[in-house]
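Student: Fold the following for me, if possible:
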Amino acid sequence: MKKIVLIFFLILSAVLPLVAKAEAIVLDCYKQGNCNFCDALKFGVKLAGILLTIAGSLSLLFFIIAGLILIISQGNASRLAMAQKIIIGSIIGLVLTYTAWVGVNFIIANFVGQGQTGVNVAQIFGKKWQEFKCQKEEESVFTPSKPSEPVVTPSGACGYDIGISCGGNCGGIPLANNVKSTQCDDASIKKAGSTVDKLTELLTCMNKHKNDYPLLVNKDLIITSISDDNGLSYCRDSYTRKCDQDNNITTNCCWHTKNSCHYGGPLKYTDGSYAADFRSRSNVNPRQNYNKDEEEAFRQLVHNTCGGQYNWEKDHFHVSVYACGGL
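Tutor: Next up is the predicted model:
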């Protein structure tokens, strides 16, 4: 009877902390009503963490139980065999737990394009996958039927509240000659009192730290698109089709994909564009032709130094703000 009671208390001591930890799986967005794809990832990460914790705790618990059985076996062959089976099972459980963590880390690293960059722990939205946070507009609650009014930036200004003048550039980075300077007006700006950086802050950071990377010192950063010459609000709220230069579709269309961060992302943020494209190839300016190592330096500038998202899209570099919730 004493043995049964002891085993019961051992199991109870292992389970109670896990029950208490279960509350941590609840996300703040449930109450706020603004859950998005990032929160779904966060929920999956939390659930995986709890399951891995349970598996590891149970393996350790059974190790202890097997040790107690060995102590009280008194040479009984059946009890010794039982203890050995429990120990072997516990070892297998620990191996499976570790393999599961490594497997999740491997899948995430390759899914987000970090498999070849030498990272030990994969990252999502700029944080290690088991501890990342979802960045959002603190004030916003996504209500598809009633979008909030857009924030209008004064004409000819880019990041006017932090003293950056546009004049054909944004965040100090020049626009390509064929891009309307009004696109720079569409760059989203961090609001006063907010902790969430927007596109203006990302571009400013890139311009400031570009020369910290030796491979980029002699390279030109040229923005080829921020929003859309056909209108940011049109492409965000009334998207009909994608433009196609080859088939002469250039009106009543949009140059980026639907719900792109160029138009405020899948949550349709109305305070401007959350993405910019950069020229990576030029027929006339070799300073704008990036080789593989220079492209990696550009990615590190965007992702590691300035906390943005990076994606290579055929003939240009695409950068966006993590708060966008997409690409």
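Student: where along the stretch 201-327 of the chain do the strands fall?
Tutor: Assigned by DSSP state E, counting those that start in this stretch, the stretch 201-327 of the chain shows strands spanning 223-225, 275-279, 309-313, 316-320.
Student: So which elements touch the first one?
Tutor: Yep, that's strand 223-225 we're talking about. The contact analysis (3 or more CB pairs under 8 Å, 6 or more residues apart in numbering; DSSP states H and E) places strand 223-225 against strand 275-279. To be clear about C-beta, it is placed using only N, CA and C from the backbone, and glycine gets the same treatment.
Student: and the angle from the strand it packs on to strand 309-313?
Tutor: 50 degrees (axes from the mean of the first three to the mean of the last three CA atoms, to 10 degrees).
Student: quick revisit: can I get the strands of the stretch 201-327 of the chain in TSV including distance to residue 239 and mean pLDDT?
Tutor: Putting the strands of the stretch 201-327 of the chain into TSV (distance: least, CB to CB, whole Å; pLDDT from 0 to 100) gives the following:
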stretch	distance to residue 239	mean pLDDT
strand 223-225	16	90
strand 275-279	15	92
strand 309-313	18	85
strand 316-320	18	92
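Student: Need those strands in CSV (columns: mean neighbour count and distance to residue 80).
Tutor: Formatted as CSV, the strands of the stretch 201-327 of the chain follow (neighbours: other CB atoms under 10 Å; distance: least, CB to CB, whole Å):
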stretch, mean neighbour count, distance to residue 80
strand 223-225, 21, 72
strand 275-279, 25, 65
strand 309-313, 17, 57
strand 316-320, 22, 61
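Student: quick one: which of those is nearest residue 193?
Tutor: strand 316-320 (23.1 Å; CB to CB).
Student: Using CSV, write down the CA coordinates of the closest one.
Tutor: The C-alpha trace of strand 316-320 is given here as CSV (Å, rounded to 0.1, in the frame of the first residue of the first chain):
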residue,chain,number,x,y,z
HIS,A,316,14.4,41.9,-57.1
PHE,A,317,14.7,41.8,-53.3
HIS,A,318,11.5,42.1,-51.3
VAL,A,319,11.6,43.4,-47.8
SER,A,320,8.7,43.9,-45.4
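Student: and for it, what are the contacting residues?
Tutor: 199, 202, 206, 224, 261, 265, 274-281, 290, 295, 298, 302, 308-312, 326-327 (CB atoms under 8 Å, 6 or more residues apart in numbering).
Student: now with 7 Å?
Tutor: 202, 224, 261, 274-280, 298, 302, 308-311, 327 (CB atoms under 7 Å, 6 or more residues apart in numbering).
Student: Can you list the strands that that strand pairs with?
Tutor: strand 275-279 (antiparallel), strand 309-313 (antiparallel) (DSSP bridges).
Student: Show the contacting residues for residue 97.
Tutor: Contacts of residue 97 (CB under 7 Å, 6+ apart): 52, 55, 56, 59.
Student: tell me the SS of it?
Tutor: helix (DSSP: H, G, I helix; E, B strand; the rest coil).
Student: nearest spatial neighbour of it, skipping sequence neighbours?
Tutor: Leaving aside its sequence neighbours, residue 97 sits nearest to residue 55 (CB to CB, 6 or more residues apart in numbering; 4.4 Å).
Student: Go ahead and confirm the one you found touches residue 94.
Tutor: No - contact status for residue 55 versus residue 94: not in contact, 8.3 Å apart, counting by CB atoms under 7 Å.
Student: Mind giving me the packing neighbours of the helix or strand hosting residue 47?
Tutor: Residue 47 belongs to helix 37-72 when assigned by DSSP states H and E. Helices and strands touching helix 37-72, by 3 or more CB pairs under 7 Å, 6 or more residues apart in numbering; DSSP states H and E, are helix 2-21, helix 77-111.
Student: how far away is the residue nearest to residue 97 from residue 67?
Tutor: 19 Å (CB to CB, to the nearest Å).
Student: Show me this protein divided up by domain.
Tutor: Listed domain ranges for the chain are 2-128, 160-324 (source: automatic domain parsing).
Student: among those, which gets the worst mean confidence?
Tutor: Least confidently modelled of the domains of the chain is domain 2-128, at a mean of 68 by mean pLDDT.
Student: ok, residue 299 - contacts?
Tutor: residue 310.
Student: Centre of the chain to stretch 67-80, how far?
Tutor: 51 Å (CA atoms, centre = their mean, to the nearest Å).
Student: Can you check the distance spanned by that stretch, start to finish?
Tutor: With CA to CA, to the nearest Å as the measure, stretch 67-80 spans 10 Å from end to end.
Student: Make JSON lines out of the strands paired with strand 316-320 and add distance to residue 186.
Tutor: Formatted as JSON lines, the strands paired with strand 316-320 follow (distance: least, CB to CB, whole Å):
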{"stretch": "strand 275-279", "distance to residue 186": "10"}
{"stretch": "strand 309-313", "distance to residue 186": "18"}
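Student: Please identify which of those is closest to residue 72.
Tutor: Of the strands paired with strand 316-320, nearest to residue 72 by CB to CB is strand 309-313, at 58.1 Å.
Student: Let me see the residues that make contact with the closest one.
Tutor: Against strand 309-313 from outside (CB under 7 Å, 6+ apart): 295, 299, 302, 303, 317, 318, 319, 320, 322, 327.
Student: Cool, thanks, talk later.
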